[in-house]
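Engineer: Compute the structure for the input listed below.
(2 chains)
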Number of protein chains: 2
Amino acid sequence: MNVLTSPEAMTAWASERHGDRIGLVPTMGFLHDGHVSLMKRLRLEVDHLVVSIYVNPLQFGEGEDLAVYPRDLPGDLKRCKEAGVDAVFAPEELYPQGFQTSVSVHDLSQGLCGDRRPGHFEGVCTVVARLFGLTRCTTAIFGEKDFQQLTVLRRMTRDLALPVRIVPGELIRDIDGVALSSRNKYLSDPQRLQARTLHHALYAMRDAFQDGVVGVAELVAVGAQILNVDSLDYLTIADADSLAPLATVDRPARALVAGNVGKTRLIDNIAIGPDFPWT
Amino acid sequence: MNVLTSPEAMTAWASERHGDRIGLVPTMGFLHDGHVSLMKRLRLEVDHLVVSIYVNPLQFGEGEDLAVYPRDLPGDLKRCKEAGVDAVFAPEELYPQGFQTSVSVHDLSQGLCGDRRPGHFEGVCTVVARLFGLTRCTTAIFGEKDFQQLTVLRRMTRDLALPVRIVPGELIRDIDGVALSSRNKYLSDPQRLQARTLHHALYAMRDAFQDGVVGVAELVAVGAQILNVDSLDYLTIADADSLAPLATVDRPARALVAGNVGKTRLIDNIAIGPDFPWT
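Structural biologist: Model prediction:
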C-alpha cells in the first residue's frame, strides 16, 4: 500500500495509472466500520482504490470541533491495508499557496444541515472537487449517512460534468443501531442511550408510513415522541432527490434527523417509501 | 469536422478519444482572427481540436449586451473548418435541468473588470469548468486579451487540480493596432479612431518604462495623456501574476486599460518589463 503525503505525489501516482479505473473514498480519518464498508464496496468496482484522509478546515464553521477532531493515522493505515486499499492520500497541506477558489451548490446546500452550518457544504464541494482532480478518480463513494452531502455532491458532479461516477454507500449501524460516526466517541453511556432515539424515531416513522400514514406532520409527530436529544436541529421528511420539504409522502422520500446530545452533533436518516433510483 | 449540439454528444465524442490529447478553444462565437490564432496555436499541440461556441448567460450582467451579442454560426463553422478544427461544440442548452453550481476565484476576480462586472468571472469560471468536464480536454487556450480572465482561469485550474494545461494565446491586433474583439463591429469610424488610443496609451507606457521610468503613477500619467475614451474603467499597471496594483514596476507587470467608446466596452493590455514565466 502506498502512502502519499503531497498533492504532487498523489497526482503522479494517479497519472501512472491513467486509463485504469481509480476509485476514491474521501474521509477525514479516524476510520470506522462505516468507512471500511465504503472501501469494500468500491474495491469491487475499480482497478485501484484510493482513500484520502484529510481534516478539511474549509468545512468546519466557527465554534465547531476542527481543533479537537479525532485523529489516528497509524490505526487508519492499518484499516486501509486490511481493506485492500492501494493508496492512502494523507497530505499535511492539501491546498496550494494562494488558494482562493470555491465551489458552491446553491439550493441543495440550503436547509437541513446547511442552515446550522453555513459554509459547510461549500467547503465540502471545494475539497471534493480538488480531491477528484488530484486523484484522477473515475468513481467515488459517499455514505448515505451524510445524505445531504451525497445529494449536493451528485449535483456538483453533474453540473460541472466532472468525469466521476458517484456511488452511494450504505449507512452502517453499530450493534445498538446508532449510525457509525467518528464523533460517537464523545458520547458518555447515558448519552449513548439518547443517541439511540435518533434511529428509533426514524424507524417508527417508517413503520407508521408502512401502516398507511402519509402526512408528513403526522409522521414527524410519531418520531418526535420518541426522540430524546438535548437540542433538535431538524426532524423532517424530504424529497429524496431535491431535498425539498414534503407535506405528503407521495414520492421517494427520506426521513432525516439532526440534533445535539450534549455537545456532540449527531445525524441519521432513512428511506421512506420506495428507494430513490440512483444510477 | 463534427458539429456537436448537445452536452451528451460532446462527451460521447470525447470519450471515444480517451487517452488522446484533446485541445479546447472556448469561445462565444462570432469568430475573428484572434480566435483563429488560438486554434492554430493549439492545433500543433493536440491530437483533436475542439472549439466551443456558446454565448454564456452566466457571465453577462444586468444591462450588458447578452441579447444583442453578435452571432454568426455559419461563418463560425467555415472559419473552424479552415483552421483544421475536429469538432465544434455548439449547444443550444449547455446547462442541465436544475443546474445550481458555481465556481468562484475570489481575490483575482476583484478589481479591474471584476469591479465593473460583478459576477462576470464567476460566470466565466463556472462555464469553463463545465466545458472542461464535457470536452474532457487536456489542454485549453485563452487569449491574453482577456488578461484577468486568463489569470483567474489559471488559478481555478490549479486550485481545483483540474487535469487541463492552460496555454496563453497571443493578443492579436488589427492592422491599425486595435485589439481584435467581437465587439469592434459596434464602432463607427470616429469611434474606431478613439479605440486606437487604447493601445497607443499602453505602448507609450511601455516605451517610457524602457526609457527608465518605473513609477506607476508617472507611467499611468503618460498613458492618460493619450487615451481618449468616453468613460474610463481603469488604466493601471498590475503584478502579472497576482494582478495586485503596483507602485513601482519591479517585477513582471502588465499595463491594462478598459473603458467605453460610445456604448462599446473595450479592453487591452501589454506586458511591461520581463514577460511573466507561465508554466
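
Engineer: is the least confident helix or strand in chain A by mean pLDDT up against chain B anywhere?
Structural biologist: The helix or strand with the lowest mean pLDDT-type score in chain A, counting by mean pLDDT, DSSP states H and E, is helix A:113-116 (a mean of 90). No - looking at helix A:113-116 against chain B by CB under 8 Å from any CB of the partner chain, there are no contacts, and the closest approach is 12.7 Å. In this view, the C-beta of every residue, glycine as well, is placed from N, C-alpha and C.

Engineer: got the residues of the stretch 151-279 of chain A near chain B?
Structural biologist: Taking CB under 8 Å from any CB as the criterion, the contact residues of the stretch 151-279 of chain A with chain B come out as A:Arg155, A:Met156, A:Arg158, A:Asp159, A:Leu160, A:Ala161, A:Leu162, A:Pro163, A:Ser242.

Engineer: Show the average pLDDT along the very next helix or strand once past the least confident helix or strand of chain A.
Structural biologist: Per DSSP states H and E, helix A:113-116 leads on to helix A:120-135 as the next helix or strand towards the C-terminus. Per-residue pLDDT values across helix A:120-135 average out to 98.

Engineer: for stretch A:241-250, same thing?
Structural biologist: When pLDDT is averaged along stretch A:241-250, the result is 94.

Engineer: what's near enough to touch A:Arg254?
Structural biologist: Neighbour list for A:Arg254: A:Phe147, A:Ile237, A:Ala238, A:Asp239, A:Ala240, A:Leu243, A:Asn269, A:Ile270, A:Ala271, A:Ile272, A:Phe276 [criterion: CB atoms under 8 Å, 6 or more residues apart in numbering or on different chains].

Engineer: Could you do A:Met205 as well?
Structural biologist: Contacts for A:Met205 (CB under 8 Å, 6+ apart) come out as A:Leu219, A:Val220, A:Val222, A:Gly223, A:Ile237, A:Ala255, A:Ile270, A:Ile272.

Engineer: what kind of secondary structure is the fifth one in?
Structural biologist: Counting by DSSP: H, G, I helix; E, B strand; the rest coil, the backbone at A:Ile237 sits in strand.

Engineer: got a list of contacts for the one helix or strand A:Val222 maps to?
Structural biologist: Applying DSSP H and E as the criterion places A:Val222 in helix A:216-226. The contact list for helix A:216-226 (CB under 8 Å, 6+ apart) reads A:197, A:200-202, A:204-205, A:208-209, A:213, A:235-237, A:245-249, A:255, A:257, A:272.

Engineer: where exactly do the strands run in the stretch 101-250 of chain A?
Structural biologist: Ranges of strands in the stretch 101-250 of chain A, per DSSP state E, counting those that start in this stretch, are A:101-105, A:139-143, A:165-169, A:231-239.

Engineer: which one of the contacts of A:Met205 is nearest A:Tyr69?
Structural biologist: Out of the contacts of A:Met205, the one with the shortest distance to A:Tyr69 is A:Ile270. That distance is 26.2 Å, counting by CB to CB.

Engineer: and the closest one, that's in a helix?
Structural biologist: No - read with three-state DSSP, A:Ile270 is strand and lies in no helix.

Engineer: which regions of the stretch 151-279 of chain A lie under the pLDDT threshold?
Structural biologist: For the stretch 151-279 of chain A, residues meeting the criterion pLDDT under 70 lie at A:274-279.

Engineer: where along it do the helices fall?
Structural biologist: Using DSSP state H, counting those that start in this stretch, the helices found in the stretch 151-279 of chain A span residues A:189-210, A:216-226.

Engineer: just to revisit the earlier point, with respect to chain B, which of the contacts of A:Met205 is nearest?
Structural biologist: Closest approach between the contacts of A:Met205 and chain B, by CB to the nearest CB: A:Ile237, at 20.4 Å.

Engineer: For that closest one, give me its contacts.
Structural biologist: A:Ile237 is in contact with A:Met205, A:Val216, A:Leu219, A:Val220, A:Pro245, A:Leu246, A:Val249, A:Ala253, A:Arg254, A:Ala255, A:Leu256, A:Ile272, counting by CB under 8 Å, 6+ apart.

Engineer: so what's it bridging to?
Structural biologist: Using DSSP bridges, the bridge partners assigned to A:Ile237 are A:Ala255.

Engineer: Spell out which residues of the stretch 1-150 of chain A are next to chain B.
Structural biologist: Taking CB under 8 Å from any CB as the measure of proximity, the stretch 1-150 of chain A contacts chain B at A:7, A:11, A:18-19, A:95-96, A:98-108, A:125-126, A:129-130, A:132-134, A:136.

Engineer: Just the closest residue of the stretch 151-279 of chain A to chain B, please.
Structural biologist: Of all residues in the stretch 151-279 of chain A, the one sitting closest to chain B is A:Ala161 (3.0 Å; CB to the nearest CB).

Engineer: show me what contacts the closest residue to that residue other than its chain neighbours?
Structural biologist: Closest residue to A:Ala161 in three dimensions, ignoring its sequence neighbours and counting by CB to CB, 6 or more residues apart in numbering or on different chains: B:Gly133, at 3.0 Å. Taking CB under 8 Å, 6+ apart, we find B:Gly133 in contact with A:Leu160, A:Ala161, A:Leu162, A:Pro163.

Engineer: now the residues you listed as JSON lines including neighbour count?
Structural biologist: Conversion of the contacts of B:Gly133 to JSON lines gives the following (neighbours: other CB atoms under 10 Å in any protein chain shown):
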{"residue": "A:Leu160", "neighbour count": "27"}
{"residue": "A:Ala161", "neighbour count": "21"}
{"residue": "A:Leu162", "neighbour count": "23"}
{"residue": "A:Pro163", "neighbour count": "19"}
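
Engineer: Looking at the residues you listed, which is nearest A:Gly84?
Structural biologist: Proximity of the contacts of B:Gly133 to A:Gly84 (CB to CB) peaks at A:Pro163, which lies at 24.1 Å.

Engineer: quick one: the closest one and B:Cys137 touch, right?
Structural biologist: No - under the criterion of CB atoms under 8 Å, A:Pro163 is not in contact with B:Cys137, lying 11.1 Å apart.

Engineer: What distance separates the opening and closing residues of stretch A:249-268?
Structural biologist: Across stretch A:249-268, the terminal residues are separated by 19 Å (CA to CA, to the nearest Å).

Engineer: Not counting sequence-adjacent ones, nearest residue to the residue minimising distance to the centre of chain A?
Structural biologist: Of all residues in chain A, the one closest to the mean position by CA atoms, centre = their mean is A:Asp146, 3.3 Å from it. For A:Asp146, the nearest residue in space outside its immediate sequence neighbours is A:Ile267; the separation is 7.2 Å by CB to CB, 6+ apart.

Engineer: how deep is the one you found tucked in, by neighbour count?
Structural biologist: A total of 21 residues lie near A:Ile267 under the criterion other CB atoms under 10 Å in any protein chain shown.
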